[in-house]
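Undergrad: sequence and predicted structure below; questions after.
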Amino acid sequence: MSADDVSLKRRQALQDGPVQRLERMMEIRRVEESVLELFNDGYVRGSTHLAIGQEAVAVGLAAAARPTDMVACTYRGHGTALALGLPPEAVIGEICGRQVGCTDGLGGSMHLVEPDVGLLPTFAIVGAGIPVATGAALTAWVRGTDDAAVAVFGDGTANIGAFHESLNMAATMKLPVVFLCENNLYGEYSRIDRTTPVADIADRAAAYAMPGVVVDGQDVDAVTAAIGEALARARAGEGPTLVEAKTYRYSGHSRTDAGAYRPDGELDQWKQRDPIELGTARLLESGIATQEDVAALEASVAERVQAAVDIVLASPHPDETEILRHVLAPANR
Amino acid sequence: MSADDVSLKRRQALQDGPVQRLERMMEIRRVEESVLELFNDGYVRGSTHLAIGQEAVAVGLAAAARPTDMVACTYRGHGTALALGLPPEAVIGEICGRQVGCTDGLGGSMHLVEPDVGLLPTFAIVGAGIPVATGAALTAWVRGTDDAAVAVFGDGTANIGAFHESLNMAATMKLPVVFLCENNLYGEYSRIDRTTPVADIADRAAAYAMPGVVVDGQDVDAVTAAIGEALARARAGEGPTLVEAKTYRYSGHSRTDAGAYRPDGELDQWKQRDPIELGTARLLESGIATQEDVAALEASVAERVQAAVDIVLASPHPDETEILRHVLAPANR
Amino acid sequence: MTTTRLRVRQAVLQALHDELESDPDVVLIGEDIAAAGGVFKATEGLVDTFGPKRVIDTPISEMGFLGAAVGAAATGLKPVVEMMFIEFIGVALDQLTTQAARFRYLSRGRVTVPLVVRGSAGAGLGFGAQHSQMLDHWFRGNAGLKVCVVSNAQNAYGLLRSAIRDPDPVVVLEPRVLYGERQELVVGEEGIVPLGKARTVREGGDVTVVTAGAMVPVVEQAAALMSDTSVEIVDLQTLVPWDTDTVVASTASTGRLVVVEEGPWTGGWSNDVAAHVSSELFGRLRAPVARVTCPDAPIPHSGPLEARYLPSPEYVAEQTTRLITTGRAPLPWWAEEEKVQ
Amino acid sequence: MTTTRLRVRQAVLQALHDELESDPDVVLIGEDIAAAGGVFKATEGLVDTFGPKRVIDTPISEMGFLGAAVGAAATGLKPVVEMMFIEFIGVALDQLTTQAARFRYLSRGRVTVPLVVRGSAGAGLGFGAQHSQMLDHWFRGNAGLKVCVVSNAQNAYGLLRSAIRDPDPVVVLEPRVLYGERQELVVGEEGIVPLGKARTVREGGDVTVVTAGAMVPVVEQAAALMSDTSVEIVDLQTLVPWDTDTVVASTASTGRLVVVEEGPWTGGWSNDVAAHVSSELFGRLRAPVARVTCPDAPIPHSGPLEARYLPSPEYVAEQTTRLITTGRAPLPWWAEEEKVQ
Ligand SMILES: Cc1ncc(C[n+]2csc(CCOP(=O)(O)OP(=O)(O)O)c2C)c(N)n1
Ligand SMILES: Cc1ncc(C[n+]2csc(CCOP(=O)(O)OP(=O)(O)O)c2C)c(N)n1
Ligand SMILES: [Mg+2]
Ligand SMILES: [Mg+2]
């Protein structure tokens, strides 16, 4: 089974039901925690941007989209990559610059990829993925397929030019694309109200005569439904939708940031609506799972992620000759 | 009297009353017509973008703003430059690449300037002036003066990233700037409805929690009032306004364009609301001027513009050594 | 072999037509390229033949549509973007250099970007300081990107077809001043000009002049002026990767090299050529490598000044002759002027 | 003369502080530079001292705030923009190159742009392909713009103060990898480093090594490895305009030149230096000018690969030694690898 088969299987598993979606959220959380540990242990160079707290957006997106729907995601992409299907070792391996990583360790934390489940190379430049997702939608429009594309970006990114240009162009051409804003209230160290004079990013959709939807980003089912609807509109030729998922990142912006700029109590308040706890509660309430099932899930996830970490640490760094490969097509070097 | 004194005087003349404003509109029209003739006679190299039909926006802006309010204007700037105060020979001379031009002939049609009446170097890159005007407003904000700034741009430019970024930033910081969109229905050869999914550019103001105003761009008094109000808000620290002036350019986009893409009758319809005719009718109705006064005005304008053309054609091209001047500050070369 | 007589702009149009016809994945994207046929008429009529899903008009949103082209290329299309004036990419450069040119690397060959950006470029028509630059230096130091420059109808046709077929992003600069130039050229497969190969325009034994773009006809005229000198002219055609072999071989045979570039003295590709050849043929040259370029100044609008700004045939001939007669690299005209001051 | 011991990041902070203090027109503009003190802490505390109208946080809108800085500069302020990672200017380049650097020319000296863009730059910390480039090539071929590169705390301080006082736009590149380096330095007026002047780091007689930025300490280490060779090291400090006099004089005295650049093989400033010196000292060099650079490839994340990508002291020493012993320019490592393949 090749790496991409694994990813596809993992992606399809999300269709099996709410348990699988909860499990994936747990896995994302556990991977992010491992990355933090690996970082503290000196295994991670450069920057890493964790998405702990935002798991429901990632999994909701992956549950709603097809593997053939192309996703342009950001540097805060570990969770989205795992949700879309990448196995933990491909993500952690990449973050640690090892051969087992999804770009052989040449990209690092900000550059994950797996086209077979729709993950375009993730973008380390703010906003750069939004026009690119629009372009993936253009391909579907030109070819007349019913694929769609999704641009994932943050609240702070709604202030960059590429956002505006892409939403306008997609709306004008009625391209099959969903603009998914993960509004976690902060762009780096700036709270949204210091950079953005509107409360809801979704309100900006009106400037493009496009529907704008706000969804509870902590509720995986709500996210799945909202993105699902937007994708259905896209596939039906009705054009793009701006979906704003209200969410929160528990950690700081990146590895070096403790998040001290946040008002007291804000983090705790958000933790009370933790996506994994909410998801767990819903499964328990509805009787789909028992406490024991959940504990077993947690244990198996922890085990799987630990196994991935072991694989990663046993994986060598890529060979030096890799620097010169894949700069241009082979015949073109 | 130095060149800039002339410009300032010409600017102040607009405060004298409606006759002067009508006269300036006539002058703009006559200059643009001369430019067309000069172009056809082979005196103009490169590109020229005429603003015949849009005179009321230019003069309304100049009447409402102070000479210390900095204006960032576009390549379609002959009219605005004349309205702000530049004498015809400085504009025509520049378009013809002569020494008498406002940048000694080194800039050309797209690059007019006169800081003493608030005209920053005009912008040949779409949207580039919008952040620059915002920056001029930043200077007033930092220094605590009550100057303001104005960004002039077209409808097509409302789709470029710099528009979005600047409006957002100005709104967030409550900067004293007016965003003046000259909506002449076309961006080059594309009608607005082919590129922009909203009917009124002013509606986009809501995306920045900023007031958006639509004004009749053919009515110089209405334009003066709308921009005046927006400037007053700006000076009062209440932040930016997006003012959309609905107008029309009679000619094509640039010298080579006949405007064949326009629907039949559209031009004629707009000509029925010609800003100069409207202005003339209003003066006649109100008894401020007689038919004879108007005819005399027209004659004196024609004479003055012809004199300017003569000055220009008698002016040499700049000296070759000018190429190397003003690249860097003298001590810095 | 089919030949036909076309202007440079028509050769571009023909190349686009032929690629649109032979490959359903090719699409054109840009401002006013469909209904209006392009500001320079290089896409005229194509939307009628291929429809609005192959020839796509966009809003004025360079970042948006260049980025969309990157995304379309990454998902299977072969977009050709028209950058009306190459300066406009200054509001969108990130998408080409930092995104498009990185996807192959950052996906280990799994997501590729067969994208072409065509831009009109260069001076000579009085468009002034913001619409007259070559700007190839923005693209050159950027691995993953190829850059070529058109100098006639044949390579306007042939390089563009190669660029569209290339699996990686390619920038094609079209000197605006040449659009009207007419030539008998070969079209069809035989008319395709490979990337990375220089063209020897004219053979000679006294000096090699390497150039590109709109300077090619200027150098040809210069050579005609130097009746006593046998000038070999090499048109690079592709700036990245440039054809070191042809240039070095030619210079080795003539012993002298002049590099004529439309672009400022500082930072241009003529430095790369001069550096490489000086090192490669160290001790084997009869004179230092000379560079003939524009001065480090914005491009003036006024006619006589723009003419002075650009290397003229007379200036190229004079500099070349001075190199040969003195065995030393002549000062450029602006340095002479400064010395006088 | 006041001296103090500071890290490079602190020297930047000190320079900003001193200019904010001495000139009320100086303002700082950037993302998270005020309340948060900057991602690299180079503006820490300044907003407390100078207030939110002098140290200005912006939305994530590079085109917007760089353009605003241009407008502010054109109307009397002296803005210093922090471009957190210099790559980010790829979404805003137009404002610097096509606007700011043209205003003086297009107003015949009446509207000027005393603007500084400081950007963290360069590789070495594992930030990967989109956060590790130098990108000076975007700025160099652009008349009206100056470009300098910091190599230690002293010139981090002194070049920045010069740049802020300069009446024209200046780009200051700060190699991120050096921010933590500590040094005793002169502050105050005596600590100011003029633009356009190189610094002779170390004198020597066998070979001149010209370099800049983070490569300066690398070359110093390389020189230490070459115990039998007397190496003269020149730190350019300013890339545009670069100090031709110092470089030519040094090379004339040693007879050999190696140019060590952090940047790709193609399109970098080391070509300009090599071209100029090869021509200027034609017939007077003992060996061809050698260039030591990074390969033409995106910057890899993985530690050992990034270390290989960048010129190391060992590699610089080896290339320099080979130049001296063979009298020929050595092939770069990747060309050697290709030959083997
Ligand atoms: C063009 C550009 N500007 C600035 C940055 C630096 N940067 C990286 S992430 C970030 C904040 C983005 O905030 P947001 O969009 O809310 O996404 P989040 O990080 O919260 O997921 C910034 C400013 C960048 N990478 N690219
Ligand atoms: C960034 C950029 N893209 C494209 C152009 C070419 N261009 C010049 S004017 C223009 C149309 C602008 O339309 P609009 O904003 O409506 O202004 P108008 O010309 O109607 O006054 C275009 C596309 C440019 N100069 N700069
Ligand atoms: Mg955020
Ligand atoms: Mg318009």
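TA: It's in. Ligands and ions are numbered 1, 2, ... in the order given.
Undergrad: in contact with the nearest residue to residue A:316 once chain neighbours are set aside, which residues?
TA: Closest residue to residue A:316 in three dimensions, ignoring its sequence neighbours and counting by C-beta to C-beta, 6 or more residues apart in numbering or on different chains: residue A:99, at 5.4 Å. Where you see a C-beta, it was placed from the backbone N, CA and C, and this is true even at glycine. Under the criterion of C-beta atoms under 8 Å, 6 or more residues apart in numbering or on different chains, the contact list for residue A:99 reads A:93, A:105, A:315-318.
Undergrad: what's around the closest residue to ligand 3 within the stretch 151-300 of chain A, how many residues?
TA: Residue of the stretch 151-300 of chain A nearest ligand 3, by C-beta to the ion: residue A:154 (3.4 Å). Other residues near residue A:154 number 26, with proximity taken as other C-beta atoms under 10 Å in any protein chain shown.
Undergrad: residue A:247 reaches residue A:181, doesn't it?
TA: No - with contact defined as C-beta atoms under 8 Å, residue A:247 does not count as touching residue A:181 (9.8 Å).
Undergrad: now do residue A:63 against residue C:93, distance only.
TA: 37 Å (C-beta to C-beta, to the nearest Å).
Undergrad: so which of the two has more stuff around it?
TA: Just comparing residue A:63 and residue C:93: by other C-beta under 10 Å the higher neighbour count belongs to residue C:93, 25 against 22.
Undergrad: got the contact list for the more buried one?
TA: Neighbour list for residue C:93: C:138, D:90-91, D:93, D:138 [criterion: C-beta under 8 Å, 6+ apart].
Undergrad: most widely separated two among these?
TA: The two members of the contacts of residue C:93 with the most space between them (C-beta to C-beta) are C:138 and D:91, at 13.5 Å.
Undergrad: what's the local residue count around the residue in the stretch 1-150 of chain A positioned nearest to ligand 2?
TA: Ranking the residues of the stretch 1-150 of chain A by distance to ligand 2 (C-beta to the nearest ligand atom) places residue A:131 first, at 14.7 Å. A count of nearby residues for residue A:131, using other C-beta under 10 Å, gives 35.
Undergrad: and residue A:330, by the same measure?
TA: Residues lying near residue A:330 (other C-beta under 10 Å) number 9.
Undergrad: where in the chain is pLDDT low?
TA: As the question left the chain open, I've gone with chain A. Segments of chain A classed as low confidence (criterion: pLDDT under 70) are A:1-4, A:332-333.
Undergrad: chain C was what I was after
TA: When the per-residue scores of chain C are filtered using pLDDT under 70, the ranges that remain are C:337-341.
Undergrad: measure the residue most central in space within it to residue D:245 for me?
TA: Against the mean C-alpha coordinate of chain C, by C-alpha atoms, centre = their mean, the closest residue is residue C:149 at 1.6 Å. Distance of residue C:149 to residue D:245, computed by C-beta to C-beta: 33 Å.
Undergrad: again with residue A:175
TA: Using C-beta to C-beta, residue A:175 is found at 57 Å from residue D:245.
Undergrad: and those two? which has more neighbours close in?
TA: Using other C-beta under 10 Å, the more surrounded residue of residue A:175 and residue D:245 is residue A:175, with 26 against 11.
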